[in-house]
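Undergrad: Quick one, structure for this:
(one chain, ligands or ions: 3)
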Amino acid sequence: MRIKVKIKILINRINKNIYRLSALIRRISKNRINPKFYADMITMKINRIIKNEFIPNPKEHLYIEVSNICNLRCRFCAYSKSLKNKKLIMSNEMFYNVINKATLFGYDTFGLTPIVGEVFIDKDFIEKIKFLENHPKVKNYSFFTNFTLANEQIINELIKTEKLKELYISLYGHDLETFLNITNGNKKVYNDLIKNLNYLLKKCGSINFTLSFGLRTTRSSFKSLEKCESDVCKVVRDIITITKSHIQILKSFNTWGGMITQNDVKGVDMLIRDSSQIYKNGACSLIFYKNQVMVDGVINACACRDINATLKIGDLNIQSFEDIYTNRNIDYINLIQDQQQGKFNSICTSCDFYRSIYKDYFVYDKYKKKQMSLKKFYQYLYLIKK
Ligand SMILES: C[S@@+](CC[C@H](N)C(=O)[O-])C[C@H]1O[C@@H](n2cnc3c(N)ncnc32)[C@H](O)[C@@H]1O
Ligand code: SF4
Ligand code: SF4
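TA: Numbers count the residues shown, from 1 in each chain. Ligands and ions are numbered 1, 2, ... in the order given. Just a heads-up that it's a prediction; the model follows:
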């Protein structure tokens with residue numbers, strides 16, 4: 001057992017160091033060598049041989065999609081590929097019902113970010129938040145937004161919240177020109193965003209939640225937030241000065257299971273990752289701990305990159321949580337076993353968001369409960385009573 005822990009620590013250390021060196025080696029070798037691929041291969045193979053598995057707590061959080069409708073059409077996002085899907089907003093009644101059942105089942109933390117869609121399209125979103133705020137069994141909730149559809153009243157309500165853990169504002173473009181190119185939006189929407197950010201600036205001294213920003217913009221025309229003098233950069237800089245918020249500036253973008261390619265961002269200087277550069281060994285950890293109740297009640301084993309719910313493991317319209325999260329659920333067990341044998345469906349095959357259960361990712365550091373093995377996960381399913 002001790003040897004296993006030592007090996008685990010050692011390979012994690014090796015993997016992290018190779019990861020750090022990776023960018024440099026790729027640059028020097030002009031992308032011919034990708035050390036991260038080989039570091040992952042070695043790490044995952046060794047961990048698999050010694051049965052070191054890293055599955056986060058299955059009740060860490062539950063994602064609920066309140067709306068799959070968006071007001072923008074970002075070029076690098078799969079939303080524009082989902083326009084033929086039924087577009088819905090979850091009713092308050094259904095949302096309250098899902099929360100009541102989910103909390104009875106043992107969830108207390110919720111993610112409201114849709115796979116694709118915008119929460120503030122839902123005119124009742126604040127009502128839904130109030131329900132979470134007043135629910136005795138809800139500990140906290142978080143969500144992403146493009147913030148263009150917020151307004152003073154909504155911001156005032158967000159400021160009053162006590163259980164909102166993280167509000168993540170996604171910023172598209174660093175000025176009007178890049179905003180229009182990236183989102184296919186218009187000047188009014190950009191001005192609404194600036195207005196909302198300015199109002200947030202006035203109020204942000206009294207927020208109780210973690211505010212984070214994600215900037216998705218073109219590579220060549222953006223140097224740094226400090227050097228950028230656009231309206232959006234100035235106000236975001238001012239907010240960050242007060243709130244000490246983190247801003248993540250994405251350098252490359254996911255393929256959405258092969259749906260988004262370099263062709264989709266033609267004419268915009270953005271890089272779409274190459275999923276063939278991702279080494280896969282074992283099931284993706286998301287199917288164990290990052291599931292989503294889709295807007296129509298279907299439970300999708302992936303809350304992140306599967307827009308068509310091809311990883312459906314149940315349906316809350318006809319099943320309970322207890323029917324879905326059990327070893328009696330053949331769809332779920334088959335999905336896990338197929339992925340373990342390397343049989344990924346087409347979305348997962350072309351997905352660069354994949355996280356192997358045979359690797360310890362730094363994103364897990366924020367979770368309080370320790371990761372579990374596959375055997376423990378099956379025991380957890382086995383113990384769920386009808
Ligand atoms: C799909 S959006 C849904 C929530 C909301 N509409 C928003 O834009 O924040 C969730 C997050 O995924 C990010 N995203 C979308 N497409 C992406 C891609 N190809 N690669 C990386 N992140 C992406 C968005 O920028 C956003 O921060
Ligand atoms: S990234 Fe968000 S705002 Fe942009 S199209 Fe996708 S869902 Fe909409
Ligand atoms: S491989 Fe990608 S699409 Fe499949 S479960 Fe993992 S994150 Fe989701």
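Undergrad: now the strands for the chain?
TA: Under the criterion DSSP state E, the chain contains strands at 62-64, 109-111, 140-145, 164-172, 210-216, 246-249, 292-293, 298-300, 312-315.
Undergrad: In space, what's closest to S220 - neighbours in sequence excluded?
TA: Across the structure, with Cβ to Cβ, 6 or more residues apart in numbering as the measure, the residue nearest S220 apart from its sequence neighbours is D269 (4.7 Å). Using the backbone N, CA and C atoms, a C-beta is placed for each residue, glycine as well.
Undergrad: Nearest to ligand 3 among the strands of the chain would be which one?
TA: When the strands of the chain are compared for distance to ligand 3 using Cβ to the nearest ligand atom, the nearest one is strand 298-300, at 8.8 Å.
Undergrad: List of residues touching the closest one?
TA: With Cβ atoms under 8 Å, 6 or more residues apart in numbering as the contact definition, strand 298-300 has outside contacts at 115, 291-294, 306, 309, 311-316, 324.
Undergrad: Quick check: buried residues in stretch 353-370?
TA: Of the residues in stretch 353-370, F353, Y354, R355, S356, I357, Y358, K359, D360, Y364 count as buried by neighbour count, 16 or more other Cβ atoms under 10 Å.
Undergrad: so who does the last one touch?
TA: Counting by Cβ under 8 Å, 6+ apart, Y364 touches F54, P56, Q371.
Undergrad: Go again with 10 Å.
TA: With contacts taken as Cβ atoms under 10 Å, 6 or more residues apart in numbering, Y364 has the following neighbours: F54, I55, P56, N57, E60, S285, Y289, R355, K370, Q371.
Undergrad: ranges for the helices of the chain?
TA: The residue ranges that make up the helices of the chain, judged by DSSP state H, are 2-28, 35-49, 92-105, 125-134, 152-160, 176-183, 187-203, 231-243, 286-289, 321-324, 330-340, 346-349, 374-383.
Undergrad: Around ligand 2, which positions in the stretch 101-250 of the chain sit nearby?
TA: By Cβ under 6 Å from any ligand atom, the residues of the stretch 101-250 of the chain that approach ligand 2 are V116, G117, E118, N146.
Undergrad: how about 5 Å then?
TA: Those residues of the stretch 101-250 of the chain that sit near ligand 2, judged by Cβ under 5 Å from any ligand atom, are V116, N146.
Undergrad: Residue of the stretch 101-250 of the chain nearest ligand 2, please.
TA: Each residue of the stretch 101-250 of the chain has a distance to ligand 2, by Cβ to the nearest ligand atom, and the smallest belongs to N146, at 3.9 Å.
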